[in-house]
Every structure is written in C-alpha cells, then in structure tokens.
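Chemist: Can you look at this prediction? I've put the sequence above it.
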Amino acid sequence: MKTTEAFKQIMNEQTEIALATSVEEMPNVRIVNFIYDEAKKCLFFSTFKGNDKIIEFQKNSNVSFTTIPNNNTNHVRVHYAKVKKSDLTVYDVAEQWIKKIPSYEENIRQAGPMLELYEIHFSKVIVILGMNSKETLELYC
C-alpha cells in the first residue's frame, strides 16, 4: 500500500487522536474523537464550551497529535499543527461524524448546543506503517 493511500485509510478508520498542547512549558495530552476532511486538509474535533483545553488553545495555538491505532500499529503523527475555533458547528459536520462514529449521533443530539467545533491545520504528516516503515508526506491544498 502506498503511503498516501495508507494516510487516507488511517484518517478515515481511526477515530481518536492524542492531542498535545503546551502552555508556559507545561505539556498536556488528551484523547479526542476526530474526523478528517480531505478537501479542507484539516482535522475536526469538538469540545465542550469553556473547557480547559480552549484556554490552552487561546494561549498557544501550536499543537501536535498522533492517531490512536485500532487493531495494528499503523498511525499518523503530526509535530507542527495549528488549532483554531471553526467557523462551522458540529451540526455542519454531523453527517461526517455519524458516518465515521455512529454513536456520535447521540452526543450531538444530547450535547450539540454545548459543543464547539475546532480545526487542526497541518501540512506535513509522518505515516508509520509497522516497525520498519516511516515516511513523511507533504499535504498540498
């Protein structure tokens, strides 16, 4: 499998990332569900309004992340990315969420008004396919 196809497959099949932030040299990592929008070349995730991570994003929009593998070691890592509040809402991307994570429909139904949508933008990814395959891809908009 070519690295580009593997990247797309990972981003479409894996449902969680470990999202790393840092404020005043204090690192912080948390697990969030995500969807990847290939056309926009960005990753979306939602969080509750007023959440601590939002304060971290406002202080430092630089983030990194790694996808969390489901059933093998294949994953994607991004060292340099920017996070920002999206102009869209969780309702705007609800179809994508539900297609990828069917149980997310209940989250949107129950908590939709309390959720904010965020985007992570990046142009370079590291695709790791097993123990002996690590390749960097440049994504072009």
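Modeler: Perfect, thanks for sending it. Residues are numbered from 1 along each chain as shown.
Chemist: these two touch, right, Gln14 and Asn71?
Modeler: No - the pair Gln14 / Asn71 is not scored as a contact, 9.8 Å apart, by Cβ atoms under 8 Å. Just so you know, the C-beta spots here come from the backbone N, C-alpha and C atoms, and that holds for glycine as well.
Chemist: ok, the two, which is more surrounded?
Modeler: Set Gln14 next to Asn71 and count neighbours by other Cβ atoms under 10 Å: Gln14 wins out with 20 against 7.
Chemist: How about the contacts made by the more buried one?
Modeler: Thr67, Ile68, Pro69, Asn70, His75, Val76 (Cβ atoms under 8 Å, 6 or more residues apart in numbering).
Chemist: Now the two most distant members of those residues.
Modeler: Greatest spatial distance among the contacts of Gln14 (Cβ to Cβ): Asn70 and Val76, at 12.7 Å.
Chemist: the more surrounded of those two?
Modeler: A direct count of neighbours by other Cβ under 10 Å for Asn70 and Val76 places Val76 higher, at 22 against 12.
Chemist: just the contacts of Gln14 now: which is nearest Glu5?
Modeler: Nearest to Glu5 among the contacts of Gln14: Val76, at 12.7 Å, using Cβ to Cβ.
Chemist: In the protein, where is pLDDT below threshold?
Modeler: The chain contains residues with pLDDT under 70 at 1, 140-141.
Chemist: Tell me which stretches of it form strands.
Modeler: Applying DSSP state E to the chain gives strands spanning 16-23, 26-33, 35-37, 42-48, 62-67, 75-85, 115-121, 124-128, 134-138.
Chemist: out of those strands, nearest to Glu5?
Modeler: strand 124-128 (9.9 Å).
Chemist: contact partners of the lengthiest helix in the chain?
Modeler: Ordering each helix of the chain by length in residues (DSSP state H) puts helix 3-13 first. With contacts defined as Cβ under 8 Å, 6+ apart, helix 3-13 is touched by 1, 36, 38, 43, 67, 70, 74-76, 100, 125, 127, 129, 135, 137.
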